[in-house]
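In: sequence? don't have it. structure:
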């Protein structure tokens, strides 16, 4: 249960980082981010209200991955009722201000109860001129000392 919420609606997001790595694609970055814990990306079309999720976003939502989009209403219904209102408000404010957001909120579990999830989102104009929100999604992990190795 979340007892205290911290709202931080900043209109001044951090500047983008830059790096030049030879032969490095977005899919490889997503693979690296999700090597040990589910970590996904999402895209919300503001024209259609449809959300596209990477496989790990489905996994975190305890849903079977599908190739097509998810309706925004369906996605919002997965949150605690109080948190659904917050996510809706964040989306509206981000579209109005053309900025971004971050949250840690409660997502319903299939067997009952909730788990904490973390998402970031950012407004952008796609190459075809359409407006959308894009972002990241992961299960919130409390800070702890740990080690992982591939091999």
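Out: Nice, thanks for sending it over. All of these numbers come straight from a predicted model, not from anything done at the bench.
In: where does the chain have low pLDDT?
Out: 1-13, 19, 146-151 (pLDDT under 70).
In: contacting residues for residue 87?
Out: Counting by Cβ atoms under 8 Å, 6 or more residues apart in numbering, residue 87 touches 76, 79, 103, 105. Using the backbone N, CA and C atoms, a C-beta is placed for each residue, glycine as well.
In: now flag whichever of those residues is closest to residue 39.
Out: Using Cβ to Cβ, residue 103 comes nearest to residue 39 of those, at 15.8 Å.
In: the closest one belongs to a helix?
Out: No: counting by DSSP: H, G, I helix; E, B strand; the rest coil, residue 103 is not found in a helix; it is strand.
In: what about it, neighbour count?
Out: Residue 103 is flanked by 20 other residues according to other Cβ atoms under 10 Å.
In: for it, what are its contacts?
Out: 86, 87, 90, 118, 119.
In: can I get the contacts of residue 87 in TSV with distance to residue 36?
Out: Shown next, in TSV, are the contacts of residue 87 (distance: Cβ to Cβ, whole Å):
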residue	distance to residue 36
76	28
79	25
103	23
105	23
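In: now residue 51: which helix or strand?
Out: Element membership for residue 51 (DSSP states H and E) is strand 50-53.
In: and the next helix or strand after that strand, what's buried?
Out: Downstream of strand 50-53, the next assigned helix or strand under DSSP H and E is helix 55-60. Within helix 55-60, the residues scored as buried using 16 or more other Cβ atoms under 10 Å are 56, 57, 58, 59, 60.
In: so residue 79 sits against residue 109, correct?
Out: No: between residue 79 and residue 109 there is no contact under Cβ atoms under 8 Å: 11.7 Å.
In: more neighbours, the two?
Out: When neighbours are counted by other Cβ under 10 Å, residue 79 and residue 109 differ, and residue 79 comes out ahead with 21 against 11.
In: show me the beta-bridge partners of residue 42.
Out: residue 53, residue 135 (DSSP bridges).
In: ok, it to residue 55 distance?
Out: To residue 55, residue 42 is 11 Å away according to Cβ to Cβ, to the nearest Å.
In: where's the longest strand seen in the chain relative to the chain centroid, distance-wise?
Out: Using DSSP state E, we find that the single longest strand of the chain is strand 114-125. Distance of strand 114-125 from the chain centroid (Cα atoms, centre = their mean, to the nearest Å) equals 3 Å.
In: i'd like the first residue to be 16 from this point on
Out: Right, with 16 as the first residue, what we last looked at is strand 129-140.
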